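Undergrad: for reference, the sequence and a predicted model appear below.
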Amino acid sequence: MDPIFEEEQQHLTETYGQLVGIRDEMLAKMEANSRDAAKTIGDMRDELALDFASDDMTMETLADYESMNRIIDSYNFSSTINAERLRRAVQLLEQPYFAKVSLQFRPGEPVKDIYLGVAGMTNDERRHFIVDWRSPVAEVYYNQENGRTSYKANGRTIQVDLLCRRQFDINRDKLNAYFDTTVAIEDPLLMSALSKQRSDKMQAITTTIQKEQNQVIRHDDVPALLVGGIAGSGKTSVLLQRIAYLFYQERENLNPDDVFLITPNPVFQKYIDNVLPDMGERNPQTRTYAQLMDFLGVQASGQDAHATAESLKAIDAAVVNLKLDQEDFRDIRLGDQSVISANQIRSAINKHKRIPAGPRLFALVCEDLNERLENRLASLCTSEAVHGEMLNLSVEEQSQIFGMQIHPQDEDDFREYAQTYLQVKYAPAFDAIENAEWLRLNRIGMRLLGTQDLSPIEWLHLKMAVTGLSNRHARFVMVDEVQDYTAAQLMVLARYFKNAHFLLLGDENQAIRPGTASFDEVREVFRLTRGQVDECRLMTSYRSTPEITELFCSLMDSQEQVQVRSVQREGTPPRLVECAEEAEYVAELKGIVANAPSEGLTAIIVSGHRQEKRLEQLLGDECPQVMRHEAQLPEHGVILLDLPLAKGLEFDRVVVADASAAIYPENQLSRRRLYTAISRATKQVTVMSLGPMTPLLK
Ligand SMILES: Nc1ncnc2c1ncn2[C@@H]1O[C@H](COP(=O)(O)OP(=O)(O)OP(=O)(O)O)[C@@H](O)[C@H]1O
């Protein structure tokens, strides 16, 4: 028997035992805690004398309440801490750790063994017996350099000698194998992770993060980081690990609500939504660009493609000298009643003649308009008509507004209820003030740009310039598939998330829409808005076999091609099937659907909605499930979907169903669309055409 194996198995058995002990201890503590809490609160409630007879007694009762609340808080606090420790213990029991580094900090000092896990754990003496993969010292593992190396902690660089870098294949308390490793390409854990069947959900890559990926994950916090990487190089995986890393780094002060992830489509959102929770972290605010625009009151439409970065810059330049004219205002209305007239708004503006149009003027005018509306409501509080309206409300309406049915006795009662009622009734008018609905932004924008039409994105940009609309709290914004945005869309994101640091990930070869920003334009937008753009490259394909990688790389620029490598094991060569007749084409496709292996997922990808409809017709009853926008990927079987929806996803087998010369002619856009479709495959690709095959693959 291998003595190292025995020693490691022994260490694992002990560690596992410790984790079981912690799990049981936490469960017992939590049980005792909730029992104690229930009893203490019960006792206190029994003793609580609800005495409001005099001011003194009222104060005493309130003080008793407060101390009861404090006690409840302290029970909750210790229960949260215990629950968090329990969660980590349960998570680690699956696989207590995945690697060990043996470090010599100074010559002559004893060697320190550090075991790395997907979470960290301390023993009773508060010593880490499992170290979190995100802790500073774990960097030496991911650097993949034996011998002299270093890591950064609290701004200091710490030199160490990495004597051994050992990976483990562990299932709970059973050690299956260990590997002492030096070089990434020979990484046995990686090879075993890559050979596993892909699933309907993305998986965390914590245990097999590669050196180039680690550089992105642990990158210094910079205003803008642009990561360009070939298809399947782990951009999305890295992005999610980076989010987990940031949450760990800023445990005390980074709220998941202040991190935004902008994703290509809702199917993709569902594909990745388990990764962070599986790592024990909460998901950030995840939105598609269209959802975000919808929230901001604009429709992300095809018209966006016409808005250029130049027109947005022109808006910024023109707003500086903007003079609002008579017709730029509209009444604030509640139903068909005018609440504040355009004339009144104009006079509110005229009060601040010296202040140029922009966020400051907007804030001052909003203040004036709010005050005017409040005054109006104050005078309405005594109106007989309003009192009548209140009394005519149904019981449900009354309990919605007042929380109960009302029975006003005197003038004061009426006035008080009327105040509440009017605030609710006029809430849309207050919102209209904040939302700048009184400004005719379309008219103003067309005048500033000298155009007959304003695109939604120009409208939004103008609104931000004039009103200061923004999200000030967002600290990090991650944009996946950045190559699919126009420069104007990116400018709007940069402006809206005004204080956020951006992580932008993409692949220029996957820009499947015309008019989107080149990486040079992406750099320019963020150089202008953030001052500096740092960059990283990912050139290794982890998704596709070397044969598939070679096929999609043949569509790249030849200089880039030489830098690409695939670490997957060899597979089967891609099939190119050119059918002269429709009957032959349909028979071939039906054959693929009928004979698709039951394991894993086969995706038939078509270039757009029209092709999807046509294929549905051609396949009739034998057509596989068609993926729609809100759907979740099935675990196995055959699906049909169009290219935009396939973005960011991966499938065991891909059939590019319409790769004819007519649909993929010899041009850059077709080249990128074909690259994107083919690179969704992990194991097998079939490229089909009805009529001559695209010249891009000849
Ligand atoms: N270090 C790694 N260890 C194990 N698997 C990895 C690693 N890096 C990437 N992968 C796997 O490779 C596949 C591709 O990763 P991912 O989807 O993150 O790539 P991507 O660059 O975003 O792809 P695309 O741009 O084509 O959408 C995934 O299955 C992912 O789990």
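TA: Right, received. Where do you want to start?
Undergrad: neighbours around residue 396, how many?
TA: 9 (other C-beta atoms under 10 Å). C-beta coordinates here come from the backbone N, C-alpha and C atoms, glycine included.
Undergrad: same question for residue 48.
TA: Look at residue 48: counted by other C-beta under 10 Å, it has 13 neighbours.
Undergrad: spatially nearest residue to it, not counting backbone neighbours?
TA: Nearest residue to residue 48, sequence neighbours excluded (C-beta to C-beta, 6 or more residues apart in numbering): residue 64, at 5.4 Å.
Undergrad: neighbours around the one you found, how many?
TA: As a measure of burial, residue 64 has 17 neighbours, counting by other C-beta under 10 Å.
Undergrad: element containing it, please.
TA: Element membership of residue 64 [criterion: DSSP states H and E] is helix 55-94.
Undergrad: after that helix, which helix or strand is next?
TA: Using DSSP H and E, the helix or strand that follows helix 55-94 in sequence is strand 99-104.
Undergrad: tell me what the helix or strand following that next one is packed against?
TA: Along the chain past strand 99-104, the next helix or strand (assigned with DSSP H and E) turns out to be strand 112-117. Secondary structure elements in contact with strand 112-117, counted by 3 or more C-beta pairs under 8 Å, 6 or more residues apart in numbering; DSSP states H and E, are strand 99-104, strand 128-132.
Undergrad: care to break this protein down by domain?
TA: If the domains of the chain are taken from the TED database, they occupy 3-94, 99-214, 219-306+451-538, 329-353+365-438, 570-697, with pieces of a single domain joined by a plus sign.
Undergrad: can you lay out those as JSON lines showing mean pLDDT?
TA: Putting the domains of the chain into JSON lines (pLDDT from 0 to 100) gives the following:
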{"stretch": "domain 3-94", "mean pLDDT": "85"}
{"stretch": "domain 99-214", "mean pLDDT": "91"}
{"stretch": "domain 219-306+451-538", "mean pLDDT": "94"}
{"stretch": "domain 329-353+365-438", "mean pLDDT": "93"}
{"stretch": "domain 570-697", "mean pLDDT": "95"}
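Undergrad: between the helices and strands packed on strand 112-117, which one is nearest to the ligand?
TA: Shortest separation from the ligand across these is recorded for strand 99-104, at 13.3 Å, computed as C-beta to the nearest ligand atom.
Undergrad: show me which residues of the closest one are buried.
TA: Across strand 99-104, burial judged by 16 or more other C-beta atoms under 10 Å covers 99, 100, 101, 103.
Undergrad: packing partners of that strand?
TA: Under the contact rule (3+ C-beta pairs under 8 Å, 6+ apart), strand 99-104 is packed against strand 112-117, helix 139-143, strand 156-171.
Undergrad: partner strands of it, parallel or antiparallel?
TA: strand 112-117 (antiparallel), strand 156-171 (antiparallel) (DSSP bridges).
Undergrad: could you look over the ones you listed and pick the most buried one?
TA: Each of the strands paired with strand 99-104 was assessed for mean neighbour count using mean count of other C-beta atoms under 10 Å. The highest is strand 112-117, with a mean of 20.
Undergrad: and residue 471, how far is that from residue 647?
TA: With distances taken as C-beta to C-beta, to the nearest Å, residue 471 is found 25 Å from residue 647.
Undergrad: actually residue 23, sorry about that
TA: Using C-beta to C-beta, one gets 41 Å for the distance from residue 23 to residue 647.
Undergrad: isn't residue 518 up against residue 508?
TA: Yes - with contact taken as C-beta atoms under 8 Å, residue 518 and residue 508 are classed as touching, separated by 6.6 Å.
Undergrad: same drill for these two, tell me which one is more crowded.
TA: Set side by side, residue 518 and residue 508 give different neighbour counts by other C-beta under 10 Å, the larger being at residue 508 (19 against 12).
Undergrad: quick revisit: got the buried residues of strand 99-104 as JSON lines, with distance to residue 55 columns?
TA: As requested, those are exported to JSON lines (distance: C-beta to C-beta, whole Å):
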{"residue": "99", "distance to residue 55": "66"}
{"residue": "100", "distance to residue 55": "67"}
{"residue": "101", "distance to residue 55": "66"}
{"residue": "103", "distance to residue 55": "66"}
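Undergrad: need the max-distance pair from the residues you listed.
TA: The widest separation within the buried residues of strand 99-104, taken as C-beta to C-beta, falls between 99 and 103 and amounts to 12.5 Å.
Undergrad: ok but residue 688 is inside a strand, no?
TA: Yes - judged by DSSP: H, G, I helix; E, B strand; the rest coil, residue 688 forms part of a strand.
Undergrad: so residue 655, which state does it fall into?
TA: Looking at residue 655 with three-state DSSP, the answer is strand.
Undergrad: which residues does it bridge with?
TA: Here residue 655 shows beta-bridge partners residue 604, residue 686, assigned using DSSP bridges.
Undergrad: residue 117 against residue 130, yeah?
TA: Yes - here residue 117 reaches residue 130: they are 4.1 Å apart, a contact under C-beta under 8 Å.
Undergrad: any common contacting residues for the two?
TA: Taking C-beta atoms under 8 Å, 6 or more residues apart in numbering as the contact criterion, the common neighbours of residue 117 and residue 130 are 92, 96, 97.
Undergrad: quick one: which of these is most hemmed in?
TA: residue 96 leads the shared contacts of residue 117 and residue 130 on contacts (other C-beta under 10 Å) with 27 neighbours.
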